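Peer 1: Okay, sequence plus prediction incoming.
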Amino acid sequence: MTSVPKSKNLIRFDWAIKRLLRNKANYTVLEGFLSVLLKESIKIVNIKESEGNKTHADDKFNRVDILVEDSLGELFIVEIQNSFEVDYLLRMLYGVSKTVVEHITSGKRYGTIRKIYHISILYFRMGDGKDYVYRGGVDFRGIHSNNRIKLTEEERRFFKKDYPDEVLPEYYILCVNDFDNVAKSSLDEWIYYLKNTEILDTFTAPGLKEAKEQLQYDRLSPEEKIAYDHHLKQILYEQNVVEDSYAKGRAEALAENEQTITELTKDLAQKDQDLAQKDQDLAQKDQDLAQKDQKIEALLKQLAELEKNTIVKQ
């Protein structure tokens with residue numbers, strides 16, 4: 001059974017970015033996280049509404065997403081996914097594509113399209129890799145020379161970038177559950193918090209000090225505490241539903257496999273029996289042939305004896 005952190009000291013990051021970190025006074029927490037991940041200073045000027053920010057009754061607890069705008073006009077989709085979705089990669093693509101379309105008005109030049117970063121914080125295994133942080137983008141290389149294409153001088157002046165992948169969307173995937181809880185860097189310290197809802201006193205990563213102060217469970221209002229506790233219970237419920245469905249599907253698959261194996265065993269046994277019968281029939285035929293050979297040999301001896309007697313009489 002999947003469990004969620006039971007510690008009441010700090011609150012989970014997904015609930016925090018949905019309810020608390022959208023307050024400008026708390027931007028430093030998310031700025032620290034983005035700065036550590038991208039290895040450059042990020043200054044947030046706005047956090048926009050997105051589908052994941054809905055708070056009405058049909059809100060989904062397994063997913064939270066926000067859209068962040070920084071001082072350079074670049075956009076960051078920060079998405080937290082608690083439950084497995086087989087088509088999540090396409091969801092990432094859709095999220096970026098939708099953001100591109102929503103932020104360019106009719107008649108505007110394509111040059112007004114802004115750089116977009118899609119950051120996924122996942123609490124399930126996606127893909128089959130050995131790392132827990134992945135970065136992806138569009139890297140144009142020659143199919144013959146494998147050289148990385150560089151923007152022209154005119155393009156570099158326009159975009160203020162050197163390579164196409166610096167202009168086009170970038171994707172970051174953080175597989176939180178694959179982290180081994182050994183923090184060796186500032187990013188590891190952040191992932192430790194994301195995984196354990198705990199910030200150690202030795203951690204110095206930007207944003208974590210503010211998170212430790214601002215994201216205390218005890219600082220929530222009574223109404224917020226009720227909402228947060230419900231959030232934890234709902235996550236656990238949805239995770240259990242997924243795991244129960246997986247277990248049921250696995251049990252059904254095992255039952256089908258056992259039935260298939262039983263049928264195959266019966267078929268093999270029948271084939272073995274048929275082969276044994278064929279071997280027995282062949283052995284009988286060999287015996288019959290041997291008897292016929294003996295009869296032929298006896299007849300040949302009789303014929304030879306008759307020929308011999310005939311010659312003697314003559």
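Peer 2: Structure's in. What do you need?
Peer 1: And residue 193, how close does it get to residue 309?
Peer 2: 115 Å (C-beta to C-beta, to the nearest Å). No exception for glycine: its C-beta is placed from N, CA and C like everyone else's.
Peer 1: More neighbours: the two, which one.
Peer 2: Per other C-beta atoms under 10 Å, whichever of residue 193 and residue 309 has more neighbours is residue 193, with 25 against 10.
Peer 1: Give me the contact list for stretch 77-88.
Peer 2: Stretch 77-88 has contacts (C-beta atoms under 8 Å, 6 or more residues apart in numbering) with 13-14, 17, 30, 34, 50, 52, 61-68, 91-92, 95-96, 99, 116-126, 235, 238-239, 242.
Peer 1: And that stretch, end to end?
Peer 2: End-to-end distance for stretch 77-88: 14 Å, by C-alpha to C-alpha, to the nearest Å.
Peer 1: Can you point out the buried residues in that stretch?
Peer 2: 77, 78, 79, 80, 81, 82, 83, 84, 88 (16 or more other C-beta atoms under 10 Å).
Peer 1: Which per-residue confidence value corresponds to the fifth one?
Peer 2: As summarised for this prediction, residue 81 has a pLDDT of 90.
Peer 1: average pLDDT across stretch 37-55?
Peer 2: Stretch 37-55 carries an average pLDDT of 77.
Peer 1: meant to ask about stretch 220-228, not that
Peer 2: 90.
Peer 1: Please apply the same query to stretch 18-25.
Peer 2: For stretch 18-25, mean pLDDT is 85.
Peer 1: Counting neighbours, show which residues of it come out buried.
Peer 2: For stretch 18-25, burial by neighbour count (16+ other C-beta under 10 Å) applies to 18, 19, 20, 21, 22.
Peer 1: How about the secondary structure of residue 67?
Peer 2: On the three-state scheme (DSSP: H, G, I helix; E, B strand; the rest coil), residue 67 is labelled strand.
Peer 1: And stretch 160-173, what's buried?
Peer 2: 163, 164, 165, 167, 168, 169, 170, 171, 172, 173.
Peer 1: Now residue 178: closest residue in space that isn't a chain neighbour?
Peer 2: Nearest residue to residue 178, sequence neighbours excluded (C-beta to C-beta, 6 or more residues apart in numbering): residue 132, at 4.1 Å.
Peer 1: Neighbours of the one you found, how many?
Peer 2: Neighbours of residue 132 under the rule other C-beta under 10 Å: 18.
Peer 1: for it, what are its contacts?
Peer 2: 174, 175, 176, 178, 179, 191.
Peer 1: ok, 6 Å please
Peer 2: By C-beta atoms under 6 Å, 6 or more residues apart in numbering, the residues touching residue 132 are 175, 178, 179.
Peer 1: what about the second one, distance to residue 129?
Peer 2: Distance from residue 178 to residue 129, counting by C-beta to C-beta: 8 Å.
Peer 1: pLDDT averaged over stretch 283-290, what's the number?
Peer 2: If you average the pLDDT over stretch 283-290, you get 86.
Peer 1: And stretch 147-162, by the same measure?
Peer 2: Average pLDDT, stretch 147-162: 94.
Peer 1: doesn't residue 80 fall inside a strand?
Peer 2: Yes - assessed by three-state DSSP, residue 80 belongs to a strand.
Peer 1: Number of residues surrounding residue 219?
Peer 2: 12.
Peer 1: Quick check: the gap between it and residue 262.
Peer 2: To residue 262, residue 219 is 61 Å away according to C-beta to C-beta.
Peer 1: For this structure, which segments count as helices?
Peer 2: Applying DSSP state H to the chain gives helices spanning 13-19, 27-38, 88-102, 153-159, 186-196, 208-214, 222-313.
Peer 1: send the alpha carbons of the fourth one over as PDB?
Peer 2: The C-alpha trace of helix 153-159 is given here as PDB (Å, rounded to 0.1, in the frame of the first residue of the first chain):
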ATOM      1  CA  GLU A 153      24.400  35.700 -36.900                       C
ATOM      2  CA  GLU A 154      21.100  37.300 -37.700                       C
ATOM      3  CA  GLU A 155      19.200  34.700 -35.800                       C
ATOM      4  CA  ARG A 156      21.500  35.100 -32.800                       C
ATOM      5  CA  ARG A 157      20.800  38.800 -32.800                       C
ATOM      6  CA  PHE A 158      17.100  38.200 -32.900                       C
ATOM      7  CA  PHE A 159      16.800  35.500 -30.300                       C
END
